[in-house]
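Visitor: take this sequence and fold it.
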Amino acid sequence: MFKIIDKNLEEVLLVFLLSLMSVLIGVQIVMRYVVGESLTWSEELARYCFIWATYIGVSYAVKVGAHIRVDAVTGMLPVSTRRYVNLFSYFMFVVFAALVMKEGYALTAKIFSFGQESSSLGLPMGYVYMAPTVGFGLVVLRLLQKMVEEVRLIRKGEPT
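Guide: Model (predicted):
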């Protein structure tokens, strides 16, 4: 069960969020131009789906190795050195992600304490502000998995 969740978590969440966002925008277009009325809450919910999809997408990019990095210098290094450089870059990314989580949590707690709600849905805004914390929490998890894999490959002496 955990393997299925580990393998498909981000994909399932992203498909759900982007599908919901597309349906909401499509329904809003039909309501506005065909029916002549507008839904007051659909644009707001689509925006929140987009925000959550963005932060979940960061974790997915880390998982599949699609995050931005410059390989010009590391490509010239020997394979054994390249693995250590990768390990160091993952570590630095973990530090950055942990800082984003820390600050995101502080902001989320503050927003929840204020009791701020969204205008159309009446949803507590803390749930929207929680997206960076959750997204970068998943990033840390994926980076730790990558670090363990790099250490395993260093010990085995396998090429890239």
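Visitor: quick one: the helices in the chain?
Guide: Assigned by DSSP state H, the helices in the chain fall at 2-30, 42-64, 79-114, 126-129, 131-156.
Visitor: do I have it right that I111 meets L123?
Guide: No. I111 lies out of contact with L123 (C-beta atoms under 8 Å); the separation is 11.6 Å. (Each C-beta comes from the backbone N, C-alpha and C, glycine too.)
Visitor: quick revisit: for V70, find the nearest of the helices of the chain.
Guide: Across the helices of the chain, the minimum distance to V70, taken as C-beta to C-beta, is reached by helix 79-114, at 10.1 Å.
Visitor: need the helices of the chain in a markdown table with mean pLDDT, can you?
Guide: As requested, the helices of the chain are exported to a markdown table (pLDDT from 0 to 100):
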| stretch | mean pLDDT |
| --- | --- |
| helix 2-30 | 93 |
| helix 42-64 | 96 |
| helix 79-114 | 94 |
| helix 126-129 | 96 |
| helix 131-156 | 95 |
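Visitor: which of those sits closest to D71?
Guide: If we rank the helices of the chain by C-beta to C-beta, the stretch that ends up nearest is helix 79-114, at 9.4 Å.
Visitor: show me what the closest one is packed against.
Guide: helix 126-129, helix 131-156 (3 or more C-beta pairs under 8 Å, 6 or more residues apart in numbering; DSSP states H and E).
Visitor: could you dump those to a markdown table with mean neighbour count?
Guide: Shown next, in a markdown table, are these (neighbours: other C-beta atoms under 10 Å):
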| stretch | mean neighbour count |
| --- | --- |
| helix 126-129 | 18 |
| helix 131-156 | 18 |
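Visitor: make CSV out of those and add distance to R69.
Guide: What follows is the helices and strands packed on helix 79-114, written out as CSV (distance: least, C-beta to C-beta, whole Å):
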stretch, distance to R69
helix 126-129, 28
helix 131-156, 12
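Visitor: L77 is nearest to which of those helices?
Guide: Judging these by C-beta to C-beta, what sits closest to L77 is helix 131-156, at 13.7 Å.
Visitor: show me what that closest one is packed up against.
Guide: Using 3+ C-beta pairs under 8 Å, 6+ apart, the elements in contact with helix 131-156 are helix 42-64, helix 79-114.
Visitor: would CSV of those with mean neighbour count and distance to N8 be doable?
Guide: What follows is the helices and strands packed on helix 131-156, written out as CSV (neighbours: other C-beta atoms under 10 Å; distance: least, C-beta to C-beta, whole Å):
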stretch, mean neighbour count, distance to N8
helix 42-64, 18, 10
helix 79-114, 15, 21
